[in-house]
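Chemist: Sharing a sequence plus its predicted fold:
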Amino acid sequence: MSRALGPIEITSSCRTRKANRSVSKSYHLYNRGCKAADVVIKGVERKTILAWWAKNMGGGRGYYCGRRFVHVDVGPKRTWRWYCG
């Protein structure tokens, strides 16, 4: 992804259960193999990152209102957008 879109800033990757207590099935968790990351690529729109991931990797991808990162993982294929209000 960095070759295609530019340098990647990883804002989150592996987490402990305690740090991720609100989402017990997260792909970020150590016991699930650390198969997720929240990423930012400066100057690249979220939709571009999401489209690249869908085409080249599959798995899950989504974003959250008010957050600058995009979530990507190697779990089942799915997408989401969490909006404010």
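Modeler: Looks like it arrived, so ask away. Residues are numbered from 1 along each chain as shown.

Chemist: can you give me the helices for the chain?
Modeler: Per DSSP state H, the chain carries helices over the ranges 2-5, 46-56.

Chemist: Residue 73: which of those helices is closest?
Modeler: Closest approach to residue 73 among the helices of the chain is made by helix 46-56 (9.2 Å; C-beta to C-beta). Placement of C-beta: from N, CA and C, glycine included.

Chemist: Just the buried residues of that closest one, please?
Modeler: Of the residues in helix 46-56, 46, 49, 50, 52, 53 count as buried by neighbour count, 16 or more other C-beta atoms under 10 Å.

Chemist: Check stretch 66-84 too.
Modeler: By 16+ other C-beta under 10 Å, the buried positions in stretch 66-84 come out as 69, 70, 71, 72, 73, 75.

Chemist: I figured the third one hits residue 50, correct?
Modeler: No - proximity of residue 71 to residue 50 does not meet the contact threshold set by C-beta atoms under 8 Å, at 9.5 Å.

Chemist: Mutual contacts of the two, please.
Modeler: Residues touching both residue 71 and residue 50 (C-beta atoms under 8 Å, 6 or more residues apart in numbering) are 61, 62, 63.

Chemist: Out of these, which is nearest to residue 15?
Modeler: residue 62 (16.7 Å).

Chemist: need the helices of the chain in a markdown table with mean pLDDT, can you?
Modeler: Putting those into a markdown table (pLDDT from 0 to 100) gives the following:
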| stretch | mean pLDDT |
| --- | --- |
| helix 2-5 | 97 |
| helix 46-56 | 94 |
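
Chemist: Serialize those helices to a markdown table and add fields for distance to residue 81.
Modeler: Formatted as a markdown table, the helices of the chain follow (distance: least, C-beta to C-beta, whole Å):
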| stretch | distance to residue 81 |
| --- | --- |
| helix 2-5 | 20 |
| helix 46-56 | 9 |
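
Chemist: Out of the ones you listed, the one nearest residue 38 is which?
Modeler: Smallest distance to residue 38 across the helices of the chain (C-beta to C-beta): 11.0 Å, for helix 46-56.

Chemist: And the buried residues of stretch 66-84, which is closest to residue 3?
Modeler: Among the buried residues of stretch 66-84, residue 72 lies closest to residue 3 (C-beta to C-beta), at 15.6 Å.
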